[in-house]
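> Structure for the following, please:
(5 chains, ligands or ions: 5)
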Amino acid sequence: MTFLELDDVSVTYRIAAGEVPAVRGVSLSLDAGAALGVAGESGSGKSTLAMALLRLLPRGARLGGRILLDGEDVLAMKWGRLRAVRWAEASIVFQGAQHGLNPVRRIGDQIAEPLLVHGLARPEAARGRVAELLEQVGLPTWRARSYPHELSGGQRQRVMIAMALACSPRLIIADEPTTALDVMVQAQVLTLIKQLVAENGISLIMISHDLSVLADVCDQLAVMYAGRLVEHGPAGEVFHEARHPYSQALAAAFPTVGDPASRLAPRGLGGDPPDPMRLPSGCSFHPRCPVAREECPTLDVELWPAGAGRRAACVHVREQSPAATKGETS
Amino acid sequence: MTTPLESAEPAVAQAAGSSGSTGEDRPAGRGTLRYVASKAGGAVLSIAMVIVGTFFVFRLLPGDPVRNLAQGRRMTPEQLDLERRRLGLDKPMLEQFFDFVGQTLRFDLGTSYEYKRPVLDLIGERIGATLLLTGTGLVIAVSLGIWQGTRAGWRHGSRFDRVSTGVSLLLWSVPTFWLGLLLMMTFGVGIGPIPGILPFRGIESVDAPDGFGYLLDVAAHMALPCLTLVAVVYAQYLLVMRSSLLEEVSQDYVNVARAKGLRDDEVRRRHAVPNALLPTVTLVFMRIGFIVGGAVTVEYIFTWPGLGQLFYEAIKVPDFTLMQGTFMLITMSVIIMNTLADVVYHVLDPRVRSA
Amino acid sequence: MTETQASAEPVTADGRSTLLEARDLHVEFAARGRRARAVDGVNLAVGPGEIVALVGESGCGKTTLARTLLGLERPTSGSVRYGGTELSYRSRALKAYRREVQLVLQDPMGSLNPRQTVYEAVAEGPRIHGLPDEREIVASALARAGLRPPERFFLRYPHELSGGQRQRVVIAGALALDPKVLIADEPVASLDASVRGEILALLLRLRDDLGLSALVVTHDLGLAWNIADRVAVMYLGRIVESGPVEQVLTAPRHPYTQALLSVLPESPERVVLTGEPPDPTRIPGGCRFHARCQVLASGRAAEAGVDGRCRSEPLAVLPAVPAAQAACHYAQVAEADA
Amino acid sequence: QEPGAGKKVLRVGATQAVDSMNPFLAVRIVSTQVHRWMYGFLTVPDSKTLQPSPDLAESWTASDDGLTWTFKIRQTNWSDGKPVTAEDAAWTFNKIMTDDAAKTANGPAVENFESVTANGQDLVIKLKAPQASMLDNPIPIMPKHAWEGVTDLANFDGDKYPSVSSGPYIATEHKKDQYIKLKANPSYWRGAPKIDELQVIFYDNPQAAIAGLKKGDIDLIGRLNPPEFEAMKGDPNIEQWDTQGRRAAYLQINHGATTTDNKPVGDGHPALKDVKVRQALHHAIDKQKLVDEVWGGLARPADGSIVPPMFKDFFWEATGDTKVTHDVAKANQILDDAGYKKGSDGVRTMPDGKRKLEFRFTIHTDTPIEDKLAEYLAGFFKEIGITLTTVKLDSSKFSDETGVAATFDIAISGWSVNPDPEEILATHLCSRRPTPAGEGGGTESFYCDPTFEKLYQEQLKELDRTKRAGIIKQMLERLYTDAPVIAIYYPNNLEGYRKDRVTAITPIPEEKGLLYGGSSYWPFYTVDVAASSTGGSGGTDGGGSNTGLIAGVVGGVVVLGLAAFLLTRRRRSAADDRE
Amino acid sequence: MTSVAWARRRLAAGRFWESFRRERAGLTGLVILLAAVAAALVAPLFIDESVTSVVSGTGAKFAPPSLDEPFGTDESGRSILLMVWWGSRTSLLIGFLAALVSIVIGMVVGIAAGHLRGWAGAVLMRITDWFLVLPSLVTAMVLAAILGGSTFTIIMAIGVTTWPATARLIRAQTLSVEARPYIERSRALGGGHWHITTRHVLPNVAPLLLASTTLEVASAIVTESTLAFLGVSSNKTSWGTMLRASYDYGAATQGAWWYILVPGLCILAVVMAFTLCGRALEAVLNPQLRRAGA
Ligand SMILES: Nc1ncnc2c1ncn2[C@@H]1O[C@H](COP(=O)(O)OP(=O)(O)OP(=O)(O)O)[C@@H](O)[C@H]1O
Ligand SMILES: Nc1ncnc2c1ncn2[C@@H]1O[C@H](COP(=O)(O)OP(=O)(O)OP(=O)(O)O)[C@@H](O)[C@H]1O
Ligand SMILES: [Mg+2]
Ligand SMILES: [Mg+2]
Ligand code: NI
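Ligands and ions are numbered 1, 2, ... in the order given. Got it, this is the predicted structure:
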């Protein structure tokens, strides 16, 4: 059953220097209780996409396409309805937890706030729920009285997760929940997320630039490049045998310790990430693509089927799958 | 106006930066006490510097202080001698210094030559009027500034923002005395069709009624001076509030608050504004000295019987003991206010509290 | 410190030559009235042409150690030796030392003055040291760092470069002084995954082409696997395990290293350490890891009969030898048994 | 209800606040003025002739040697009902003679007193030396019974109300820096004044005061400068009161300053020692132009010396040959003859060719009129080959440099003259020069001239007013011709009052005399005002504006409320559709 | 390498200008400012000191604005236009010099306090804080009253009372610059105190300093006029002394509005211009600074 459906979503920021097409025609769907990982390098539009889901983009950003949350079009919602949906239906764990908490308010209050705002609990009940949530994320209940700066980065990230869980949403969007965290803490947080999602049947969209992490947590993987989806499919498959050269490079960037192939042989991708305001023509990836061909700079790439439940936006893929020639996408 | 407008960065920014402490809740009380003690120590040091500084600056005066005091009025040599002895000028410098310090510590600010009365008494008689004027002015300026600053910052770039920033900058650029004169001419005396309905002299009518009428009377007298003071000082509160709100708005937690489903005005009221208020509140205290400066001018123009007027008179006469006394008192109270600002900030901002 | 020592390559006790060495290094800070023992007894040696990775979790003292090695921080006790001579902290000597040992920081954007062009950023070192032929040096340094043709980059400002290019500029700035040792503090942590490999490859190439030694500070074991010859695992101010990468990372002996490896996404079984990250102001007695040690917690240590020692008997500081070694009572006993 | 309804109230503006209500301490003019209204003196200047006339002293006699004066004190009561006796006067004088604090205001006035004794209503004052100005004593007689309890006079503010007075008014209220209220003294010996209440209202600055007069917040104001006086022009309700004043403005010239031991002091220009140069300067000054340009015509060019024409008895004016006219040619002639040759740059040098005639002109800071004067003088002197540069000093430095250190060449000066000119003449005595130790004695221009000294001693002993006036005129002539000071003009006394309020007021002297500026209570005793209608006298300052204010406040509140209402409404409706 | 340096500088200036041009208010301010400064500079080519001389006042007294006298005349028949023109020299001079004094002290103390660790920095900070709380107008009045109100003392009084704000600002900026990794890198390259403060700290605080100077000039002009109005300054003709004179000569009560309005509006315009310019500079430069730190 499809819970979330994105249809040709695009986001354009308008800034003084011109327009920034941050997300370009992304179509995706997510089943209830499933976990989707979105990967891509910095600036590829991951966070923008996440924010777009709840229309949290700053003024000056233009949002196009269709976002169906449980069949309801988010873009068409009235503000009142949208506010009701926010957090109660779908909550976000933001990138950079240290900034996501109001520095001068107690943690308990901040966790309880959505409960009160959405009228889900009265103040006393909310306190109980806060304690429950803190326990759930593995923090002592007395932490509710602490201020954010009294917590470590990992603890703060846990608070953010507790906050996201507060209204028992059906979808959690986690935007790089573990970047900037230490390996050990990162493992703790990931384990926590995995466990919570599994226990509560919550859908999860997790964003990261580390494919291996996503492959570990998610069922599905989507790889973005320059605002576009370049590959989408079951997590393990995409990670281990990526079809798009960019996905391949991403997957290879983090070596497996013990794998002799990567010993003393770091692999990476040449060239620089594209400037969204001056995107290369054709396949945006062609200037860095190790297997680029002559037609790439002019070719309109789209997501072509690349095996069972997989899609990839590379001309090599199209050639290998005859079905794609008919131009069928999703 | 003395400082670049928006530089209201209290020392807190840095303190707040060094977060990430993981320790258990340390007894906050002790930390606060220690903090207050260190701030108080700093203030005491500052006040000591004021006392020492004042002594020496006022010894820089050219000529014989006693003759300066006499201002050319004829005094018999005995009178001069007496005066000199009374002021302790016959003693060696070092002894004078210790006397001065001792007296100041005993709140003895000397005797005004012009008024022949203890400076402290003179100040006591006038401080009420100044507190009334600056207090009211401050309250109005701060509320107006914060209110407008909040609106302007929240709707950054809107017409309200442009207009209110523009107007406040304009008023900020106006010399206080000039604005005071214009207001006095316009609303006090009346120009053309505008009748001069507001009094422009003093704090009350000579035959002020009692009770509520008296309050009204004082309010009427306060209207023009207060307006002048407010007009010139509120800009800084507006601008600081505006820029610190802008700063807060770009913080992630504001976005989180939105994502939580809070209404726009709830986000503003509950999150952005309280946080943005912190630097503004500190600024209110920090710029007390600025208000005092404004008060001198305003009191002069509107014959407001306050400290500023006393100080101005001391300068004009010149009555050096009075000048010295009022200067020390003004400076010390500003120092104390600043210390209070630090402490208030400390109490308000949990980040600093446990840092 | 004089010029002569640069050429001298002294030999340590075990007959292997070392270039840069830390001997029983201790660095303490005063933190909120307490003493934070950020580096608490470290022996570490970097040989010529060797890449050593220093890994450990946040706050364990990696950066402090690196900074102390560069002379940016003074040790409380112990010494830093370069080419066999103890580092002197007089400013002339430090300046000379800094031609030999260079630093690459984590954040390439921050390590470049936004008001300086690439040319100026790279030329800064040669200017400080008054080297002639500045332009040539700059050009060749940029070229060696993989920015070709160098002239194209001279007038660029940092914000006009991508993250990878910036890091190359930083490396070029270090190379401009022809150093013998590069100390890199998390050189790729803030870079994009795709660019990471390129920078690491550059480091490897520099070692091969110029014989540069490097100490790479990281919390990423994959990075160590990618480029390092040797790895040293640091916990709470001390090195708890060190040795050749293959050995340490495939057959870790210290429970801490084991835990670190286990949390990598690919690893089959996960040991997630509980408890707060370590606090250098409160270093536990006995084995400093015992409070979080999974071996101790699971009772295996008790089985081996070392739990008492784990809790009370401090471990000796590991010497600066290339061979694999671990500071763990359990490991020592287990090995002895084996 | 208005408390002021039907009362006759006169409101006088003052641009200076009272320094002290204790007459032993008060020195500001506004304070001495108020004290004149509150307390009786031995004598008061006659309203017509300005000659001393009886006040608290009904009559007096002087011994032949002029050393013993007996005053008969009037049988009248203090405002608290106690009788006024000679004992009060004796206590007052003795207090000043014996108590250092009491000397503050009027110490010099009893300097010459040997002893003061009371005998019933008779007051006997024995002098150390004859003193013709004895009848112009500036000391108010204080009620002994009310004041003798004051132990620490130096710190006593005199702020006890109602005051115990013997003058036409009793002080009833004093708000510091704000106003003083005085009510008519019903038991005043001349009879109670016509008005009920006299208010002195302070303004920090003259402009505000004028605005207040125009608006009707005050009824009368004195001691104006020309600009403020001009500002009243054209207002149909205001009477501009422009009369001869008490002041003389003159230049003091450093003609070789010496200390009391006749040692030179200071750094005055040597050329000024030459009386020819001083006279040439005098000739070069176009006094009429100064009056016109600097004073806007509101002064009288000085053809006399330091006593202004208002004091007819003592005023002396040069005529005929002695008169120094504005004559540039003559001035140049004098200088040429005396050997001061013009250089190529048009500036003269000393006969020995060493120093140029370049003088400093010392004035006060922050006095626009003096600034202007300086510019004109520089222009005049340039025409006779003398350069004048301006030095501005604040008042304390000014009195130091021009009164003690003598580090000036020419300085501005001026003096308000009392009905008896003795003190102003005394400022030119040898004894007033500073002591070698640098104690200032209150000299003007460091004058020390045997002729002048001799005449001064003579006038002291001369009790016949006409004869004494003759001597004094000789002294003035001496000052005029010897030119240690050069009088330039006598500024008019500028005052104004509201015609619609003040119905009658007698100046002093009665014929075109002073109002507020006179040293007498006379105008304020005789003044009558229109009775306030519905509390107009309560001060439009408050009463009139209250209605306006209330209207304003109500209006403001309504507008604000409306705005707030609209705003919140808009917010409500928009809240849902905003982000 | 001068060509490279030059090209770089031109480039930087060009970019700066590009962004500054977008600040409309700042640009307006700049235009007014340049006009005022230019007018003040060329004034001696057209008029001289004598326009302020009462002796040479030719017009009628208090003549309202007319074709002959566009801004009317004052109490001595002097042309307000010419006086304002000439007076701008004093006002601007005092503004600039006082700002210079303030900025130089503020910069040196600020950088030193930020750069030096240990007690030296602490002592400097303490002194700065002390001066900072002194109510500046009040202190300036006392200084002017005691030392006499010559141009020099006025400049000093303003400069000495306003530098701490600059010092604080610069210190904060210095601290944030010093916390950047490139300082560490520079140190690792072997750079000493002098190298770091002049090559890295100074260039990075300079823009802020420029903005702050602009605001400082504005405030100095206002302070000067206030001191003049309160009568503690014995300056030559400046806008402040003109206003004082207009007040002394009862321009307000005599309806000579032009005498009050013209100098006042001049102050207003110039101060506003400086303020707008300074704010625009800050707005343009600060994001750059901030971006550098982010
Ligand atoms: N508010 C904004 N205004 C203008 N452009 C923006 C804004 N936010 C993001 N962008 C641009 O949109 C593009 C996508 O940004 P986004 O934050 O979605 O990337 P991301 O994939 O989340 O990167 P990262 O991994 O660094 O978080 C970038 O080029 C960015 O510069
Ligand atoms: N200047 C300093 N003053 C006080 N304490 C310090 C200072 N520098 C570092 N510390 C402390 O020393 C400990 C070690 O810090 P260090 O930066 O070396 O850790 P790290 O291993 O580099 O961590 P990370 O991986 O987060 O960079 C930390 O607890 C830190 O708080
Ligand atoms: Mg992102
Ligand atoms: Mg580190
Ligand atoms: Ni940040």
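
> contacting residues around the residue nearest the centre of chain D?
Central residue of chain D (CA atoms, centre = their mean): D:Ser416, 4.8 Å from the mean position. Taking CB atoms under 8 Å, 6 or more residues apart in numbering or on different chains, we find D:Ser416 in contact with D:246-247. (C-beta placed from N, C-alpha, C; glycine too.)

> change it to 10 Å
D:29, D:223, D:245-248, D:308, D:424, D:493, D:517, D:519 (CB atoms under 10 Å, 6 or more residues apart in numbering or on different chains).

> now C:Glu86
Applying CB under 10 Å, 6+ apart, the residues near C:Glu86 are C:1, C:21, C:23, C:79-80.

> Same check on A:Pro114?
Contacts of A:Pro114 by CB under 10 Å, 6+ apart are A:86-88, A:91, A:120-121, A:126, A:163-164, A:166-167, A:169, B:256-257, B:259-262.

> Make sure I have this right: it is in a helix.
Yes - assessed with DSSP: H, G, I helix; E, B strand; the rest coil, A:Pro114 lies in a helix.

> where does it land on pLDDT?
Listed pLDDT for A:Pro114 reads 90.

> now swap in D:Ser533 and tell me
Value listed for D:Ser533 in the pLDDT field: 54.

> same question, D:Asp528
Confidence score, pLDDT, at D:Asp528: 91.

> Distance check, it against E:Met156.
Note on D:Asp528: its distance to E:Met156, by CB to CB, to the nearest Å, is 56 Å.

> swap in C:Val233?
Remark: distance between C:Val233 and E:Met156 (CB to CB) = 63 Å.

> ok, now E:Ala167?
17 Å.

> same question, E:Val31
Distance, E:Val31 to E:Met156, using CB to CB: 31 Å.

> Skip ahead from the helix or strand hosting B:Gly124 and say which helix or strand is next.
Secondary structure assignment for B:Gly124, by DSSP states H and E: helix B:119-154. Sequence-wise, the next helix or strand downstream of helix B:119-154 (DSSP H and E) is helix B:159-173.

> can you name the two of the contacts of C:Glu86 that are farthest apart?
The most widely separated members of the contacts of C:Glu86 are C:Met1 and C:Arg23, with 16.1 Å between them, by CB to CB.

> Neighbour count for the two, which is higher?
C:Met1 (21 against 18; other CB atoms under 10 Å in any protein chain shown).

> need the contact list for D:Thr260.
Taking CB under 10 Å, 6+ apart, we find D:Thr260 in contact with D:430-437, D:439, D:441, D:443, D:448.

> can you check C:Gly164 too?
Contacts of C:Gly164 were listed using CB under 10 Å, 6+ apart, and they are A:268-273, C:108, C:146, C:188, C:191-192, C:194-199, C:202.

> Could you tell me the model confidence score at B:Thr282?
At B:Thr282, the pLDDT value in this model is 77.

> Double-check it against B:Ile288; I have them as touching.
No - using CB atoms under 10 Å, B:Thr282 is not in contact with B:Ile288; the gap is 11.2 Å.

> any idea how far B:Val36 lies from ligand 1?
Counting by CB to the nearest ligand atom, to the nearest Å, the separation of B:Val36 from ligand 1 is 42 Å.

> so that residue, which of the three states?
Secondary structure, three-state DSSP: B:Val36 is helix.

> That one: neighbouring residues, count only.
Using other CB under 10 Å, B:Val36 has 15 other residues around it.

> my read: it touches B:Val347, true?
Yes - B:Val36 lies in contact with B:Val347 (CB under 10 Å); the separation is 9.2 Å.

> Now, of the contacts of D:Thr260, which are buried?
The neighbour count (16 or more other CB atoms under 10 Å in any protein chain shown) marks D:430, D:432-434, D:439, D:441, D:443, D:448 as buried among those.

> Show me the strands in chain A, by range?
Here chain A has its strands, by DSSP state E, at A:2-15, A:18-31, A:35-39, A:61-69, A:72-73, A:90-93, A:171-175, A:203-207, A:220-225, A:228-234, A:304-305, A:311-312.

> Quick one: closest of those to chain B.
Evaluated over the strands of chain A, closeness to chain B peaks at strand A:90-93, with 5.0 Å, by CB to the nearest CB.

> Is any residue of the closest one near chain B?
Yes - using CB under 10 Å from any CB of the partner chain, strand A:90-93 reaches chain B at A:90-93.

> Count the neighbours of residue 33 for me.
As the question left the chain open, I've gone with chain A. Neighbour count of A:Gly33, defined by other CB under 10 Å: 17.

> my bad, chain E
When neighbours are defined as other CB under 10 Å, E:Leu33 has 22 of them.

> What is the host helix or strand of it packed up against?
E:Leu33 belongs to helix E:24-46 when assigned by DSSP H and E. Secondary-structure packing of helix E:24-46 (3 or more CB pairs under 10 Å, 6 or more residues apart in numbering or on different chains; DSSP states H and E): helix B:159-173, helix E:2-21, helix E:80-115, helix E:202-229, helix E:257-293.

> so that helix versus helix E:257-293, what angle?
Orientation check (axes from the mean of the first three to the mean of the last three CA atoms, to 10 degrees): helix E:24-46 against helix E:257-293 gives 130 degrees.

> Could you check the angle helix E:24-46 makes with helix E:202-229?
Using the same axes, to 10 degrees: helix E:24-46 against helix E:202-229 is 60 degrees.

> which of the residues in helix E:24-46 are buried?
For helix E:24-46, a neighbour-count test (16+ other CB under 10 Å) marks E:25-26, E:29-30, E:32-33, E:36, E:40, E:43 as buried.

> hmm, back to that, show me the common contact partners of B:Thr282 and B:Ile288, please.
Common neighbours of B:Thr282 and B:Ile288, counting by CB under 10 Å, 6+ apart, are B:338, B:340-341.

> Give me the buried subset of those residues.
Among the shared contacts of B:Thr282 and B:Ile288, those classed as buried by 16+ other CB under 10 Å are B:338, B:341.

> of the shared contacts of B:Thr282 and B:Ile288, closest to ligand 3?
Relative to ligand 3, the closest of the shared contacts of B:Thr282 and B:Ile288 is B:Ala341; by CB to the ion it sits at 38.4 Å.

> C:Ile199 versus the closest one, what's the distance?
Distance check for B:Ala341 against C:Ile199: by CB to CB, it reads 48 Å.

> Helix, strand, or coil at D:Gly385?
Three-state call for D:Gly385 (three-state DSSP): coil.

> Next: D:Lys181.
Per three-state DSSP, D:Lys181 ends up strand.

> neighbours of residue 56, just the number please.
Let's take chain A. For A:Leu56, the count of nearby residues is 20 (other CB under 10 Å).

> Hmm, no, I was thinking of chain E.
Neighbour count of E:Ser56, defined by other CB under 10 Å: 14.

> And it, what's its pLDDT?
With respect to pLDDT, E:Ser56 has a value of 71.

> residues contacting it?
Applying CB under 10 Å, 6+ apart, we find E:Ser56 in contact with D:375, D:379, E:49-50, E:76-78.

> go with 6 Å
E:Ser50 (CB atoms under 6 Å, 6 or more residues apart in numbering or on different chains).
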